[in-house]
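**Student:** can't give you the sequence, but here's the structure:
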Ligand SMILES: Nc1ncnc2c1ncn2[C@@H]1O[C@H](COP(=O)(O)OP(=O)(O)OP(=O)(O)O)[C@@H](O)[C@H]1O
Ligand SMILES: Nc1ncnc2c1ncn2[C@@H]1O[C@H](COP(=O)(O)OP(=O)(O)OP(=O)(O)O)[C@@H](O)[C@H]1O
Ligand SMILES: [Mg+2]
Ligand SMILES: [Mg+2]
């Protein structure tokens, strides 16, 4: 699904802001020597301290960033060789929940959730849309504009939008950061269902309780970034 | 410090989007009959399910919203009677960490953190600024622009900005939503120190572990919103 | 009441919605109004500049035509020498470049010319009346000043009377005005293009978040660009149609110049000229299309 | 090389930074360039419209002056009746409104007038030469057509020769052009004001987040508004100074009209006129100031 071999990445640091460990081209190597395979049908967690590069790793996976070193493929395609339209196609197969989700603020929530269908030129199945909104607890807010949603409601809407195209891979960046425990478990349930139906899931989170509770229901690999490297966390967590 | 008596609030719902329980003026009463006193020098937690009105309550406290019913005063002043300049003055005495913090994207982090001082026309004490950035773990990022920060880094920067004027009251909306446990505790430590030096603190969070860990160090009142009403949660949480 | 309706019309135009695909672009905003207004104002000014260029062009043509009539050479000499002088003047005139065949006016035509001065009973034969030669001007290379000097040297009794000469500065003035009109037209077109481009860029920059969101959920460049381009082309077109019609209305309302005589043929459009300003919206829409397309593709490049 | 420097200059102006307080406003953006450019382009056009209004004003004045010279009445009648005709013509002319004292030309002046036609030796006394009366025109209410009709009725031998009459349509044309110049000036001013206002609004709307953040951390309205207003006033002023100077340069480069004779007195500014376009940046800066102030305060109202 996603294959990374010895992948390295660093952001360009502009105008004189040069932390240590920066390479000749003016990049600080944030991630280096990452080797990872996201296996189809597996449930993955990604943890690590704040600023360690979780979001960066996810952005690499949906081709929002390009690796500065190593080899990386998604669905068998070299990410660096993708044309812009191929990137669009890739993103229709990868549903992403961003850490600070953004919407089209002028369209009501329901249209925002259905937007991936609209831009892909597919028909919107109103029944399925309503079910999905109900599952994430937003039926009441279907006609609300995104700026009037609470933080947790935005995260739930982002998850609904990410899964509406029933993508092969779901990437979720702290999807429960603003949610209480009950709602968090409800969303994880949705992801677990998707995973059981064969989809691959990768959830970045710092909430160890969430990981424990999920592992009780599904086999999950827990990956941990620290110091720019990826480790497979043990069963102890 | 902040006094609410029988306060009610509802957002205007525009164009036909009318959930149940809406009053004649087209408002859904989100909060009603809230009576609450934030006592000087106390540490408060605010919990409640997603969408229950935690953020709304905080916004009432810094005069971003006006109550639609009841009486509300801050520092002895009726919030509804405040002029715009008085609102500015109030906000210099109340430090706020927003759930999705916003910055001036064209100014480096250090300047953003010092911004409340700048707009209040006060001198920036570089030493203190450096200490503060160090405490929230952002020394390395002092010259980074806000859009290049990770989710957790933004929340930490927002906290630093909220406390730089050493306000009498600190309101923090899910300040640890994107932070791992260690960093969360570190930030709570900062709030606890502030509280010990006599400041009032109100933290909205859904993280019960955080509340428990904090209560081990300081006496804290835990408030819970549900169904538009405020309850004092018992010792059991 | 009226003000309100105008405002509503303006909002409707500035925020007009197209098909379903266009819903992904936020409906309105000040940059949208700015595009509409710039296009309108510039089209309005362009109509006036066009009218100026056309009117001065007509004026210059007309005055040039009148200029190109004929000149008269008057030969007055003692009676004995007159015949010889006339002959030498005629031979000079025959070799003048840009002039046709010179013609000596017969006595009766002379008498006719003098009639208003001396009445019909005048004894032309008895008087030292000068001989008049009419010389038609046929070419642009006719040089009145040169001819005057040649006559002075070789036939001192012959005087060139260029009775339309005073109009020459008018023609050059009209031509100058025409150049001014054309220059204004070019300047206005350039300024409009730049303004529409900047307005499109500003609007796109204001919609950067929209573009980011769309890319992230898998929208193709073409889908996004098309929605914006359609929106902006329509705005530029609508704005400039309004501006053009307003300008044409203004021109039509100007008092007709014919009352003022034939010298200035009015600022209005005449006949088929009325079709020319209609090209302005086409140009504006074209500029809007190209500017937005370019700006959209450039902005998309910055978003992966 | 040159293009690069111009680009750098443009960026520098569009994004020019002021004092410390101004840092709270993001340095640049397309809306900033748009403000600068609109102000510049409109100032440029305004200079041309001003020049047109001034030049046509001068032209109209001058032509009117030449018009107001004098007219000639020619009385040709059989010798016996001539004296009586002259007397009746003179009495009509004396009572003509807007005209001065009529003067009968003496014989020697007549001979001088006819000299070019018949040479110096002409026997004026022996000929039925008409009598000529010079009538100075002194007032605006002089009505040549009315006088002509009166003469025809009461002194049939007297003919009015209004040798500057053909210039009358020119004067009206020039006045028409002056009105056009002034109308353009007003239109350009209105369009500029609207465009600068819209650009300021667009820029403020683009900076809504900045305004929100500033309000939330306790900035006062005045602090915020001042930073924006200063920025935009400077942009409008700088843009219009550049536009005005460019326009004045363009006018100065136009070929001088004096070569084309006295009819069109050139499009350039003359003497103190050169100071008039310098008011354009003042107006633009004033408009920028008011527009931004108004837009900023309005936008702030929407943010608590
Ligand atoms: N666009 C960018 N330009 C430069 N640096 C960046 C950019 N985005 C992120 N960084 C830096 O890279 C590091 C990793 O960021 P990332 O967002 O991947 O962290 P994270 O693991 O998701 O953290 P968090 O848990 O706080 O969200 C951070 O130190 C951040 O400041
Ligand atoms: N500006 C607004 N206009 C209309 N409705 C709003 C607005 N802001 C919030 N709401 C609605 O009010 C309710 C409470 O929102 P609020 O942000 O206070 O919730 P919250 O308790 O902070 O939730 P969360 O834990 O998810 O952040 C939500 O249902 C939300 O949709
Ligand atoms: Mg992150
Ligand atoms: Mg909230």
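**Tutor:** It's in. In this text, all values refer to a predicted model and were calculated from it rather than measured experimentally. Ligands and ions are numbered 1, 2, ... in the order given.

**Student:** per-residue confidence for the residue of the stretch 1-150 of chain C found nearest chain A?
**Tutor:** Nearest residue of the stretch 1-150 of chain C to chain A: residue C:26, at 4.3 Å (C-beta to the nearest C-beta). C-beta here means a position set from N, CA and C on the backbone, and glycine is covered the same way. Looking at residue C:26, its pLDDT reads 78.

**Student:** Could you do residue A:91 as well?
**Tutor:** Predicted confidence (pLDDT) for residue A:91: 93.

**Student:** what about the spatially closest residue to it that is not a sequence neighbour, neighbour count?
**Tutor:** Nearest-residue entry for residue A:91: residue C:218, 3.8 Å, with adjacent residues in sequence omitted and distances by C-beta to C-beta, 6 or more residues apart in numbering or on different chains. Residue C:218 sits with 24 neighbouring residues when counted by other C-beta atoms under 10 Å in any protein chain shown.

**Student:** Then residue C:205?
**Tutor:** 17.

**Student:** ditto for residue A:161
**Tutor:** 27.

**Student:** Figure out the helix or strand that it lives in.
**Tutor:** Counting by DSSP states H and E, the element that carries residue A:161 is helix A:151-163.

**Student:** Report all helices and strands that that helix contacts.
**Tutor:** Helix A:151-163 is packed against strand A:94-97, helix A:109-113, helix A:126-135, strand A:169-173, helix A:181-196, with contacts defined by 3 or more C-beta pairs under 8 Å, 6 or more residues apart in numbering or on different chains; DSSP states H and E.

**Student:** Tabulate these in CSV, adding columns for distance to residue B:167, mean pLDDT and mean neighbour count.
**Tutor:** What follows is these, written out as CSV (distance: least, C-beta to C-beta, whole Å; pLDDT from 0 to 100; neighbours: other C-beta atoms under 10 Å in any protein chain shown):
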stretch, distance to residue B:167, mean pLDDT, mean neighbour count
strand A:94-97, 34, 93, 26
helix A:109-113, 35, 94, 24
helix A:126-135, 40, 91, 15
strand A:169-173, 31, 94, 25
helix A:181-196, 31, 89, 18
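
**Student:** quick one: which of the ones you listed is nearest ligand 1?
**Tutor:** strand A:169-173 (6.9 Å; C-beta to the nearest ligand atom).

**Student:** Confirm residue A:72 sits in a helix?
**Tutor:** No - remark: residue A:72 does not belong to a helix; assigned using DSSP: H, G, I helix; E, B strand; the rest coil, it is strand.

**Student:** distance of it from residue B:176?
**Tutor:** 32 Å (C-beta to C-beta, to the nearest Å).

**Student:** who has more neighbours, these two?
**Tutor:** Neighbours were tallied for residue A:72 and for residue B:176 using other C-beta under 10 Å; the higher tally belongs to residue B:176 (26 against 23).

**Student:** list the contacts for the more buried one?
**Tutor:** Each residue near residue B:176 by C-beta atoms under 8 Å, 6 or more residues apart in numbering or on different chains is listed here: B:155, B:183, B:184, B:187, B:188, B:205, B:207, B:210.

**Student:** May I have the residues that are in contact with residue A:56?
**Tutor:** A:9, A:11, A:30, A:31, A:65.

**Student:** Nearest to chain B among the residues you listed?
**Tutor:** Once C-beta to the nearest C-beta is applied, the member of the contacts of residue A:56 that ends up nearest chain B is residue A:11, at 6.6 Å.

**Student:** in the sheet, who's paired with the closest one?
**Tutor:** residue A:28 (DSSP bridges).

**Student:** correct me, but it touches residue B:148?
**Tutor:** Yes - contact criterion C-beta atoms under 8 Å: residue A:11 and residue B:148 qualify, at 6.6 Å.

**Student:** Helix or strand: which one has the residue lying closest to residue C:192 once chain neighbours are set aside?
**Tutor:** Of all residues not flanking residue C:192 in the chain, residue C:42 sits nearest, at 3.7 Å (C-beta to C-beta, 6+ apart). Applying DSSP H and E as the criterion places residue C:42 in helix C:30-67.

**Student:** Do you have the helices of the stretch 51-200 of chain C handy? List them.
**Tutor:** Using DSSP state H, counting those that start in this stretch, the helices of the stretch 51-200 of chain C run over C:79-94, C:107-118, C:144-154, C:168-206.

**Student:** Where among those is average confidence lowest?
**Tutor:** The bottom spot among these, by mean pLDDT, belongs to helix C:107-118, with a mean of 68.

**Student:** which strands and helices sit next to the helix or strand harbouring residue C:250?
**Tutor:** Element membership of residue C:250, judged by DSSP H and E, is helix C:221-253. Helices and strands touching helix C:221-253, by 3+ C-beta pairs under 8 Å, 6+ apart, are helix A:84-93, helix C:2-14, helix C:30-67, helix C:168-206, helix C:208-216, helix C:279-301.

**Student:** ok, now with 6 Å
**Tutor:** If contacts are counted by 3 or more C-beta pairs under 6 Å, 6 or more residues apart in numbering or on different chains; DSSP states H and E, helix C:221-253 sits against helix C:30-67, helix C:279-301.

**Student:** Point out the most buried one among those helices.
**Tutor:** helix C:30-67 (a mean of 23; mean count of other C-beta atoms under 10 Å in any protein chain shown).

**Student:** Identify the residues contacting the residue most central in space within chain A.
**Tutor:** Among the residues of chain A, the one closest to the centroid is residue A:171, at 2.5 Å (C-alpha atoms, centre = their mean). Listed by C-beta atoms under 6 Å, 6 or more residues apart in numbering or on different chains, the contact set of residue A:171 reads A:58, A:61, A:96, A:202.
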